[in-house]
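Asker: 3D, please:
(2 chains)
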Amino acid sequence: MMEGLPFAAMGHNTAMVLAGTTALGIAAGTVGCFMVLRRRALVSDALSHATLPGIVIAFLVGLALGVEGRSLPLLLLGAAISGALAVAAIQAITRWTRLPEDAAIGAVLSCFFGIGVVLLSVVQALPAANAAGLKGFIFGQTAAMRSGEAATLAVLALAALAGVALFFKELRLLAFDEGFARAAGWPTGRFDLGLMALVTLVTVAGLQTVGLVLIIALLITPAAAARFWTDRLGIMLLVAGLIGGLSGGIGALLSARFQNLPAGAIIVLVAACFFMASLFFAPARGLLARTLRRARLRASLGAAR
Amino acid sequence: MAMLQRLRTRNFIPPADAGVSPLCVTGLSVAYHRQLALRDVSWAAPTGGLVAVVGPNGAGKSTFLKAVLGLVPALAGTVEVYGRPLAQQRGLIGYVPQRESVDWDFPVNALDVVTMGRYGMIGWGRRITGAHKRAGMAALDRVGMADYARRQIGQLSGGQQQRVFLARALAQEARLYFMDEPLAGVDAATEQTILAVLRELEAEGRTVICVHHDLQTVAATFDHVLMLNRTLVAAGPVATTLTDANLRLAYGQRASGLSLLS
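Answerer: Numbers count the residues shown, from 1 in each chain, chains lettered A, B, ... in the order given. Next up is the predicted model:
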C-alpha cells in the first residue's frame, strides 16, 4: 500500500520501525567496536544465543504468575539474566581451567542454546500456552513494532552512546592494554562489566527486531567494516555507528516494502554489503587500495633499476 | 572518578632519610596450575637505582614482576611500596609491559598510547586536556619519537614501539618503575636511547626494576641485581652479587667460566 511513497507519506508504523532499527544499528555498531578490538566478538555471540532459555523460562514464569501471555519486559529481563549467566560461565571456565576461551565459548553457547530450544518445544506443546510469539525472538520480526518499543530502542541506543562517549578513553585503554590499566590501579573488572552491560543492553534491545541468531552480526559487522576506513578509534566508532544505523534503516525500509522478507536477516545482509564494500574499496585499508599501493611501489622499484 | 583521585592523594612517599624501601616483597609465592613458579621470595629494593632481575628461561622473572603488580594472583606474600600496601600506592608506579603483550594493529597513534600514562591523573570520564597532551609529547621527545606522534602504532618498528611504551611510562611520572624486558630485540639506536633514559631516571632518584635477559650487559648498566631461579638465588650490588658462584646457583654449570665482571 505504501510502496514507493516518500518518507513524509510513510505510514506511522513504518516510521517507528525505521527510527527504532536505525537507533539500534547506531548503538550496536558503536558498542561492537570495543568487542571487536578486545577480540571478544564471539562472547557477544554466546551472550545472544544464551538469551533463549531465559526468554522461555520468563514466559513460563509469567504464565505461572498469570501475567498476560507475552509480557515484553519480563521476557527481556529473562533474556538479560540468562545471557549474563552465560558470560559469567565463560569467564569462570577460562579463569579456573586451562581451556582456551574459544572452547569455553563454544561449550557454553551450545549448552544454553540447546536448553533454550528444548524448553521452547516443550512450551509450544503446552495446550494452554499461546507461545506463538516466542519463535520471533530467534529470527526477529520488525513488522509489528509498536511506537513504545521504537522509543525504548531509541532510549537504549542513546544510553549506550552516552556510556561510550563518557568512558571513551577508559574503554580504549581496556581494549588496548588491560595489564597496564590494572598495574595503574584502574578497576578493569568493573569497566569490563560495564562494557558487557552495554553489549547486553544492545543485544536484548535487538532481540525482537533482529533476533538472537543474527544480532551478533549487527554488533560485529559494522565495527569490522569501519576498521577498513581508518586508523583512529574515534573515527572508527563514528563510521561503525553510521554503517550500523544505515543498515538498520535501509533494512527496515526494504522489509517494509517486501512484506514477506524477514527484517532481521535483511538488516544483517545490508550490513554485510557495507562490509564487502569496505573490504574492497575503503581507501585506508581496503584490498583494492592495498593492491594499488603495492603495484605502484613495484613500478617505482622497476623505474629505479 | 572520586575513587581514583582518592587513590592518588593517598599515595605517600616517606622522607629519603627514613630508610623505607621503595619496594618490599615478603614471602611471595606464585603457582601456575600444578607447579610453583616462584617460591617464597623476600626482597627489599634499594632506594634509587637500576635493578636487573636476571635468571635462566622459566626462572619466573616476568612472573615475579606480574605478581608484584598484582597482575597474576599470588599464592602467598605481601607487597609494600614505600612502606604502604601496594593498593594504596598505585599512583607511584610506572609499568612497561612486554611489547608482545598488546595488539599493535590497534587503531591509535603513538601520542594516544603515551597519554594513556596520564589517565590516572586525568580521572574517570574526563577529557584529555592540552596539558596532558603536551606532557605526552614531552615524553615522546625524551625517547626521540616526537616526529612519530601521529603515526599509527602498527607502522612503527619494533624498537620504536618499545620507545613508545617507555614514553608512556615516563608520562606516568612514577617513583618506582617496573619494566619487562625493555631491551629485548631492539635495535642499537633504541638500546642507546633506552639506556640513556634509564640513567636519567636513576639520576632523578627513581627506582627502576628491569627484567633483563642479557647477562653480558648487566654489569655495565645496572647497579643492583636480583637473581631468580624459581626462588631467590641472590640479591645485592652487581659487583658483589653477580659472582661465578651465584651464577652457577642460578643457571647451573653452564654459566661457570663466564667472566662477566671482567
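Asker: only C-alpha atoms for contact and neighbour calcs from this point on.
Answerer: OK.
Asker: three-state assignment of the residue of chain B found nearest chain A?
Answerer: Here chain B gets closest to chain A at one residue, B:P107, 4.5 Å apart by C-alpha to the nearest C-alpha. In terms of secondary structure, B:P107 is coil; the call rests on DSSP: H, G, I helix; E, B strand; the rest coil.
Asker: do B:T78 as well
Answerer: Classified using three-state DSSP, B:T78 is strand.
Asker: OK, contacts around it?
Answerer: Neighbour list for B:T78: B:V25, B:T26, B:G27, B:L28, B:P85 [criterion: C-alpha atoms under 8 Å, 6 or more residues apart in numbering or on different chains].
Asker: Tell me the bridge partners for it.
Answerer: B:T26 (DSSP bridges).
Asker: Local confidence estimate at it?
Answerer: The score at B:T78 is 94. That number is its pLDDT.
Asker: Next: B:S62.
Answerer: pLDDT, B:S62: 93.
Asker: Give me the neighbour count for it.
Answerer: For B:S62, the neighbour count with other C-alpha atoms under 10 Å in any protein chain shown is 20.
Asker: host element of it?
Answerer: B:S62 is part of helix B:61-69 when elements are defined by DSSP states H and E.
Asker: Could you do B:R39 as well?
Answerer: Per DSSP H and E: strand B:35-44 holds B:R39.
Asker: Can you tell me which helices and strands that strand packs against?
Answerer: Under the contact criterion of 3 or more C-alpha pairs under 8 Å, 6 or more residues apart in numbering or on different chains; DSSP states H and E, strand B:35-44 touches strand B:23-32, helix B:61-69, strand B:232-237.
Asker: Name the surrounding residues that touch that strand.
Answerer: B:21-31, B:59-60, B:63-64, B:77, B:230-232, B:235.
Asker: related to what we said a few turns ago, columns distance to A:I55 on top of the helices and strands packed on strand B:35-44, output as CSV?
Answerer: Output for the helices and strands packed on strand B:35-44, formatted as CSV (distance: least, C-alpha to C-alpha, whole Å):
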stretch, distance to A:I55
strand B:23-32, 39
helix B:61-69, 42
strand B:232-237, 55
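Asker: which one of those is the most hemmed in?
Answerer: helix B:61-69 (a mean of 23; mean count of other C-alpha atoms under 10 Å in any protein chain shown).
Asker: how far off strand B:35-44 does that helix point, in degrees?
Answerer: Interaxial angle, helix B:61-69 versus strand B:35-44 (axes from the mean of the first three to the mean of the last three C-alpha atoms, to 10 degrees): 60 degrees.
Asker: before we move on, the earlier item: so the residue of chain B closest to chain A touches A:W229, yeah?
Answerer: No. Contact between B:P107 and A:W229 fails when scored by C-alpha atoms under 8 Å: they sit 10.6 Å apart.
Asker: tell me how far the helix holding B:S62 is from the chain's mean position?
Answerer: 10 Å (C-alpha atoms, centre = their mean, to the nearest Å).
Asker: Stretch B:52-66 now?
Answerer: Taking mean C-alpha positions (C-alpha atoms, centre = their mean), stretch B:52-66 and its chain are 12 Å apart.
Asker: Is chain A within reach of it?
Answerer: No. Residues of stretch B:52-66 contacting chain A under C-alpha under 8 Å from any C-alpha of the partner chain: none, with a closest distance of 8.7 Å.
Asker: Output that stretch as CSV, nothing but the C-alphas.
Answerer: Extracted C-alpha coordinates of stretch B:52-66, given in CSV (Å, rounded to 0.1, in the frame of the first residue of the first chain):
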residue,chain,number,x,y,z
ALA,B,52,68.2,-6.0,36.9
VAL,B,53,66.1,-9.1,37.5
VAL,B,54,68.0,-12.0,35.9
GLY,B,55,67.8,-15.7,35.7
PRO,B,56,67.5,-18.5,33.2
ASN,B,57,64.5,-19.0,30.9
GLY,B,58,61.5,-20.1,33.0
ALA,B,59,63.0,-18.8,36.2
GLY,B,60,60.0,-16.7,37.0
LYS,B,61,61.4,-13.2,36.2
SER,B,62,58.3,-11.9,34.4
THR,B,63,56.1,-13.8,36.9
PHE,B,64,57.8,-12.0,39.7
LEU,B,65,57.1,-8.6,38.1
LYS,B,66,53.5,-9.5,37.4
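Asker: Need the contact partners of it.
Answerer: By C-alpha under 8 Å, 6+ apart, stretch B:52-66 touches B:30, B:37-38, B:72, B:178, B:180, B:209-213, B:215, B:218, B:222-231, B:250-251.
Asker: This completes my enquiry, with thanks.
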